[in-house]
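Peer 1: Next comes the sequence, and after it the predicted model I'd like to discuss.
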Amino acid sequence: MADPQEILAQRVQSALGAAFGPEYADADPVIRPSQFADFQANAALALAKRLGRKPREVAAQIVEHLDADDLCRAVEISGPGFVNLTLRDDWIAAQAHALLGDPRLGTPLQRRQNIPIDYSAPNVAKEMHVGHLRTTVVGDALARTLEFLGHNVIRQNHVGDWGTPFGMLIEHLLDVGDTSAEAELLKSDPNAFYQAAKAKFDGSEEFAERARKRVVSLQAGDEGTLEIWRELIELSKAYFNRVYSTLEVTLTDADLAGESMYNAMLEGVCQELEDQGLAVMSEGALCVFLDGYTGREGKPVPLIIRKSDGGYGYATTDLATIRYRARELEADRVLYVVGAPQNLHFRMVWETARKAGWVPEGTEPIHVQIGNVLGSDGKILRTRSGKPIRLMELLDEAVQRASAVVEENRPDLDAGTREHIAREVGIGAVKYADLSVSHDTEYVFDFDRMLALTGNTGPYLQYAQARLRSIFRKGGVAPEEAAAGAITIGEKAERDLALRLLGFGPTVALVGDNLEPHRLCGYLFDLAQELTAFYEHCPVLTADTDERRASRLALCAAALRILVQGLDLLGVRAPEQM
Ligand code: ARG
């Protein structure tokens with residue numbers, strides 16, 4: 001399978017070696033998409049200085065030694081020394097045909113890495129908010145994509161299931177009873193449960209005292225306390241899982257690796273850091289001070305690993321976490337798909353762990369920073385009353401709105417089918433909106449925009465693939481059958497489409513390397529737009545010759561498979577019809 005950019009890079013490199021000697025054979029050929037050709041090689045400009053020659057002269061040398069007649073129709077020098085490369089139509093056609101024989105659609109298998117990926121990570125007895133929605137959706141797309149690239153992905157749902165609030169949560173659960181309507185709230189409206197516990201904590205000194213004692217028993221591993229704690233977790237799991245199944249993300253109970261998992265390691269973490277002289281006592285707390293982390297007036301910012309009351313916090317847990325992922329999971333890369341505001345925290349934790357010798361050279365922790373989701377007022381998304389948005393309500397509304405659209409457009413379908421499509425479209429739209437902008441930028445949550453049938457939206461891509469399916473239905477041809485057809489390129493729209501198809505594998509590889517699902521969205525959007533141009537200029541079922549019809553159907557088959565595969569990597573459904 002051929003990534004044109006990769007093949008051209010190899011050829012230009014060979015030319016560099018042949019023209020300027022072996023020491024140039026591994027120079028970067030700097031192949032880029034070109035405005036005037038398919039690609040351009042910019043190596044001449046980069047190498048001119050080193051060679052002590054004018055860039056255009058260097059370019060001429062490259063062209064002279066370039067052996068690419070089998071894949072290039074034209075090779076031209078332009079501007080200050082660009083080498084413009086135009087691919088041959090028959091080469092593109094042959095590659096597109098080969099793509100159809102490849103179950104991976106041109107996606108390379110990468111050298112297998114162990115990749116723990118920390119995503120979703122909601123907190124027990126708290127409503128999941130749109131921030132958690134976004135880390136869940138982006139994390140899941142990355143997990144799917146990295147798995148497709150051949151990596152050993154280890155999902156780690158770092159749920160907040162430990163800490164001081166659990167004293168009050170446990171006492172409240174004890175008060176109301178685990179089969180009560182109040183306890184049921186944990187499954188449907190966890191914030192309400194939390195608020196009730198908090199109100200008691202703030203209102204009753206007796207309750208507050210019990211809650212504080214309860215935390216101590218929990219920390220000490222008291223069996224009776226742990227039993228109630230487990231019940232609390234079970235009830236919360238029901239809530240998380242309902243969200244996950246609505247979103248159709250791949251997280252299961254087996255992926256739960258919450259804060260509590262590291263509890264037993266925290267003392268050792270502190271001890272070891274103290275023994276190594278990395279942690280010191282400061283104002284009663286055990287702290288790590290790192291160079292370069294200073295706050296106002298140059299005051300050093302500490303990483304607090306044991307509070308003055310003896311309690312451990314979020315940072316201590318994350319120190320144990322990175323140590324575990326590096327050592328036990330033997331991670332090559334460790335991905336943290338977490339809100340951008342936590343960046344400072346992670347940098348300090350990882351630097352400390354690195355200094356302590358817990359993170360070997362070969363392990364790279366990476367913060368995939370998630371930007372905020374904003375309301376139309378430009379502030380963090382909230383309800384009109386100022387309360388945080390309830391995630392399930394948000395998802396329900398998306399499906400409802402999609403329903404209205406499907407009902408209007410497809411009155412011919414039965415209600416069950418319409419409902420099914422509406423679900424796929426509504427949920428797909430919300431997920432795609434999270435994925436299509438770069439993960440670290442903020443974006444405004446806007447139902448109208450995400451559900452629009454035009455623009456870079458989920459429904460637009462879902463429609464693009466549904467339209468392809470309907471062509472096959474209308475023509476009475478199965479896509480698998482059409483895939484065998486020979487591809488010939490006549491029209492520009494056919495050429496553009498075929499060339500775009502070859503870009504799928506390289507794009508997926510790029511997403512795996514750069515951890516940017518929006519690149520895949522952008523690619524699929526370009527593909528969908530090229531399909532529109534293609535239909536406009538190239539009738540498929542009514543093509544004037546059988547060969548042309550077969551070739552166009554083969555192009556459609558490839559486009560369909562790529563759209564479906566691409567959406568699947570993003571975790572977005574591909575409806576049979578729309
Ligand atoms: N539960 C945390 C939150 O809601 C996110 C945890 C992220 N992962 C981690 N290893 N700290 O903000």
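Peer 2: Thanks, I have it.
Peer 1: contacts, neighbours, all on C-alpha from now
Peer 2: Noted.
Peer 1: residues in contact with residue 456?
Peer 2: 436, 521, 522, 525 (C-alpha atoms under 8 Å, 6 or more residues apart in numbering).
Peer 1: and of the residues you listed, the nearest to the ligand?
Peer 2: residue 436 (22.1 Å; C-alpha to the nearest ligand atom).
Peer 1: Surely the closest one is in contact with residue 523?
Peer 2: No. If you go by C-alpha atoms under 8 Å, residue 436 and residue 523 don't touch, sitting 10.3 Å apart.
Peer 1: Remind me what the biggest strand by length in the chain packs against, helices and strands.
Peer 2: When the chain is parsed with DSSP state E, its longest strand is strand 285-294. If you count contacts as 3 or more C-alpha pairs under 8 Å, 6 or more residues apart in numbering; DSSP states H and E, strand 285-294 packs onto strand 279-282, strand 300-306, helix 343-355.
Peer 1: Could you identify which of these is most buried?
Peer 2: Comparing the helices and strands packed on strand 285-294 by mean neighbour count (mean count of other C-alpha atoms under 10 Å), strand 300-306 ranks first with a mean of 20.
Peer 1: And the contacts of it?
Peer 2: With C-alpha under 8 Å, 6+ apart, strand 300-306 has contacts from 270, 285-290, 293-295, 312-313, 315-316, 348-349.
Peer 1: Check stretch 411-428 too.
Peer 2: The contact list for stretch 411-428 (C-alpha under 8 Å, 6+ apart) reads 246-247, 395, 398-403, 406-407, 410, 451, 458-459, 462, 572-575, 577-578.
Peer 1: go with 7 Å
Peer 2: Around stretch 411-428, the neighbours that count as contacts under C-alpha atoms under 7 Å, 6 or more residues apart in numbering are 247, 395, 398-399, 402-403, 406-407, 458-459, 572-573, 575, 578.
Peer 1: Among these, which one lies nearest to the ligand?
Peer 2: residue 247 (18.2 Å).
Peer 1: so the nearest residue to that closest one once chain neighbours are set aside is in which element?
Peer 2: In space, and not counting its chain neighbours, residue 247 is closest to residue 427: 6.5 Å by C-alpha to C-alpha, 6 or more residues apart in numbering. In the assignment (DSSP states H and E), residue 427 maps to helix 415-436.
Peer 1: pull the CA atoms of that helix into CSV?
Peer 2: Extracted as CSV, the C-alpha positions of helix 415-436 are listed here (Å, rounded to 0.1, in the frame of the first residue of the first chain):
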residue,chain,number,x,y,z
ALA,A,415,-41.0,5.0,13.8
GLY,A,416,-38.6,2.3,15.1
THR,A,417,-36.1,2.9,12.3
ARG,A,418,-36.3,6.7,12.7
GLU,A,419,-35.7,6.4,16.4
HIS,A,420,-32.6,4.2,15.8
ILE,A,421,-31.2,6.7,13.3
ALA,A,422,-32.0,9.6,15.6
ARG,A,423,-30.0,8.0,18.4
GLU,A,424,-27.0,7.4,16.1
VAL,A,425,-27.1,10.9,14.7
GLY,A,426,-27.8,12.7,18.0
ILE,A,427,-25.0,11.0,20.0
GLY,A,428,-22.7,11.0,17.0
ALA,A,429,-23.2,14.8,16.7
VAL,A,430,-22.2,15.4,20.3
LYS,A,431,-19.2,13.2,20.1
TYR,A,432,-18.0,14.5,16.8
ALA,A,433,-18.3,18.1,18.1
ASP,A,434,-15.8,17.2,20.8
LEU,A,435,-13.5,15.5,18.3
SER,A,436,-13.5,17.9,15.4
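Peer 1: Name the residues of it that come out as buried.
Peer 2: Neighbour-count burial for helix 415-436, counted by 16 or more other C-alpha atoms under 10 Å, picks out 418-419, 421-436.
Peer 1: just stretch 100-114 next, same as before
Peer 2: For stretch 100-114, burial by neighbour count (16+ other C-alpha under 10 Å) applies to 100, 104, 105, 106, 107, 108, 113, 114.
Peer 1: if I've got this straight, the fourth one is in a strand?
Peer 2: No. Looking at residue 106 with DSSP: H, G, I helix; E, B strand; the rest coil, it is coil, so not inside a strand.
Peer 1: what's the pLDDT at it?
Peer 2: Each residue has a pLDDT score; the one for residue 106 is 97.
Peer 1: Run a quick neighbour tally on the nearest residue to it once chain neighbours are set aside.
Peer 2: Among residues not flanking residue 106 along the chain, residue 505 sits closest, at 4.6 Å (C-alpha to C-alpha, 6+ apart). Residues near residue 505, counting by other C-alpha atoms under 10 Å, number 23.
Peer 1: In CSV, could you pull the C-alpha coordinates for the helix or strand hosting residue 505?
Peer 2: Counting by DSSP H and E, the element that carries residue 505 is helix 504-514. Extracted in CSV, the C-alpha atoms of helix 504-514 (Å, rounded to 0.1, in the frame of the first residue of the first chain):
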residue,chain,number,x,y,z
PHE,A,504,-6.4,7.6,5.0
GLY,A,505,-3.7,5.4,6.3
PRO,A,506,-1.1,8.2,6.7
THR,A,507,-3.7,10.3,8.5
VAL,A,508,-4.5,7.5,11.0
ALA,A,509,-0.8,7.0,11.6
LEU,A,510,-0.5,10.8,12.2
VAL,A,511,-3.4,10.7,14.7
GLY,A,512,-1.6,7.9,16.6
ASP,A,513,1.7,9.9,16.6
ASN,A,514,0.4,13.3,17.5
